[in-house]
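Student: Got a predicted structure here, sequence first:
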Amino acid sequence: MVKGTGIGGWIWCGLVAIAVGVAPLPAAACQSGEWVECEHPRVQHYIDHFTQPSWRSWLHGVWERSSFYSDHIAVTLDRHGLPEALRMLPVVESAYRPEAVSPRGAVGLWQITPMGASGYPLIIGDPIDERRDFWKATEVALHILSVNYRRFDDWLLAIAAYNAGPTGVARAIKRAGVSDFWKLRSSGELPRQTSEFVPRVLAMTHIFAHAERYGLSPIEPIVWARVGTSGRADLRKLSLLTGMDLALLRIANAELSSPFTPSDARAPLQVVGSQDARAGDLHGYWLKVPVEHAETIRAALEERSKLFDFVEHRVRSGETFWGMAIRYGSSVKLITDENPDLNPMRLRLGQTVIIPLLAGGTAAASPPDPSDWIQQAGFGTVHVVAHGDSLWAIAQTHGTTVELLAQSNGRSIDDVIKPGEVLMVPGGAGPPSSS
C-alpha cells in the first residue's frame, strides 16, 4: 500500500524526557510501542550506522527539518490515541522532505502511493498533489496504520504492513506460521526492504530520544494552524501583504505546484489548530501557516481582491482563452476558474474576462528572500521563474540537476515553465548509501 524509499529524521522534545531512566527492553518486548530502547542486533546496527561520521551532516539536516513537523504529528497522534513512536515513520520514509518521490510513485513525508490514497478525498494531479500536504497526509497515514494494527494486533507488524502492504504481511505470516515480527523477519518470508524498515524505525527512535548524546542541539518545533482560503490566493502576494516568508509558505504548502491556491477551495475562512476537533477534516483546501501568523493570514484572505494581480480584458473578434493566456502570461485553467460564467467556446465581443497574472506586479518581482535556517535545514531555496528561464538553466544556477529540480516540484524535465511560477530548489545531496 505504502512504500518507503529513504531514511530520514524526526524529533519530539518530550520523547527525550520519556527516555530518561527507561531500562532496555528485550527484543521480544519491542512490539509494545515503547521503542526508545530495543535490544536487538539489527537495531543496534542501524544506531551505529546512522551515527557514524559520514552520516553526521545528513543527521543534522534531518534533525533541523524535523522542527517543521514534529509538533503537529505529536498532537495528531495524541488526538488519535496512537503510540508516540509512530512519529518515526517519516524518518525512514522521506527524511522529512515533502518533495520526496519514490521510483514506485510514493510521494511526500509519509510516502503515500496513489493506491494508498484511494478511498480518501485527496486531490492528486496538477496543480495540486495533497499527498505532499503534511497535515492531510498525516491523517491518512495514521488511519492506514490504525487499520493495520486492528488487523494484526501488533504495532511492529502494522509498521511492516505500512511498508509492504497488509496483504504482503498476511501472506508472509501464513507461509512462516508465526505472527511475531522478529521471528517473521528471521524466516525470510518478508521482503528485504520491509525486514530492514522496522529496525530502522526503532534505531531512529533511540537516536532522537537521546539527541544530546549524539550531538544534536535542542531545536524549537513550529506550531501550525491551517486557514481555509475560501478561494484563490497568490502566495507571493500573501507573503508581501503579511510579511510571512515566502519560502516557509512554499514548504508548508508543498502540495501546490504553482503559487496559487485552488479557486474551488471550499474550506471556510477560519483558523483550525492541530488540537481542534475539526483538524481531521480532509475536505477543502487549507493553507498551513505557523500559528502566530494564522489570524494575520486569515484577515488578508478576507480581502480577496488584493491576493492576486489581474487585468480585465474586453473580448475582441477571434480571441480565445488560449490566446489571452499567452498574451498576459497566464494559463487557460486560471482564466477558466476565474470566469465560471463564461463559456470559452462562445465568447462574445465586448465581454469582460478577468485574467490572473502569473508574473504581474511586485509579488512576482520581489519575493522575500528565504530564511537562512530554511536553507540550513536542507529544504533548499525558492526560485520565482523569470522570462527566459528553463528548468535546465535554473538547475545550473543553483548547482543541482534538472532531474532533481523537476522531481522536487512534481514536474517532468520536459515541462514548460512560465514566468511567475514558484519552484522549490532542493538543497544538498541525499544521504550516503545505506549498507
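Tutor: Alright, I've got the coordinates. Numbers count the residues shown, from 1 in each chain.
Student: For residue 328, grab phi and psi.
Tutor: For residue 328, the backbone dihedrals are phi -100, psi 0 (criterion: degrees, to the nearest 10).
Student: Grab the nearest non-local neighbour of it.
Tutor: Distance criterion Cβ to Cβ, 6 or more residues apart in numbering; nearest residue to residue 328, sequence neighbours excluded, is residue 355 at 5.0 Å. (C-beta placed from N, C-alpha, C; glycine too.)
Student: average model confidence for whichever strand or helix holds that neighbour?
Tutor: Taking DSSP states H and E as the criterion, residue 355 maps to strand 352-356. Predicted confidence along strand 352-356 averages 85 (mean pLDDT).
Student: how about it: buried residues?
Tutor: 353, 355, 356 (16 or more other Cβ atoms under 10 Å).
Student: swap in stretch 141-155?
Tutor: The neighbour-count check on stretch 141-155 (16+ other Cβ under 10 Å) flags 141, 142, 144, 145, 148, 149, 152, 154, 155 as buried.
Student: Surely the fifth one forms part of a helix?
Tutor: Just to be clear, that refers to residue 148. Yes: in this structure, residue 148 lies within a helix as judged by DSSP: H, G, I helix; E, B strand; the rest coil.
Student: I'd guessed it sits against residue 163; true?
Tutor: No: under the criterion of Cβ atoms under 8 Å, residue 148 makes no contact with residue 163, lying 10.2 Å away.
Student: Could you spell out which stretches of the chain belong to which domain?
Tutor: Here the domain assignment for the chain is 13-214, 224-305, 310-356, 364-425, based on automatic domain parsing.
Student: For the longest one, what does the pLDDT average out to?
Tutor: Mean pLDDT, taken over the full extent of domain 13-214, equals 87.
Student: can you give me how far that domain is from the chain middle?
Tutor: In terms of Cα atoms, centre = their mean, to the nearest Å, the centre of domain 13-214 is set 15 Å apart from its chain centre.
Student: longest single helix anywhere in this protein?
Tutor: Assignment by DSSP state H gives helix 56-80 as the longest helix of the chain.
Student: Now it: buried residues?
Tutor: Across helix 56-80, burial judged by 16+ other Cβ under 10 Å covers 58-77, 79.
Student: and what of stretch 168-188?
Tutor: With burial defined by 16+ other Cβ under 10 Å, the residues of stretch 168-188 counted as buried are 168-170, 172-173, 176, 179-182, 184-185, 187.
Student: Next: stretch 278-297.
Tutor: Neighbour-count burial for stretch 278-297 flags 279-282, 284-290, 293-294, 296-297 (criterion: 16+ other Cβ under 10 Å).
Student: Of those residues, which is the nearest to residue 346?
Tutor: When those are compared for distance to residue 346, the smallest value, 29.7 Å, is given by residue 285; criterion: Cβ to Cβ.
Student: Is the closest one in contact with residue 267, as I believe?
Tutor: Yes: Residue 285 lies in contact with residue 267 (Cβ under 8 Å); the separation is 5.5 Å.
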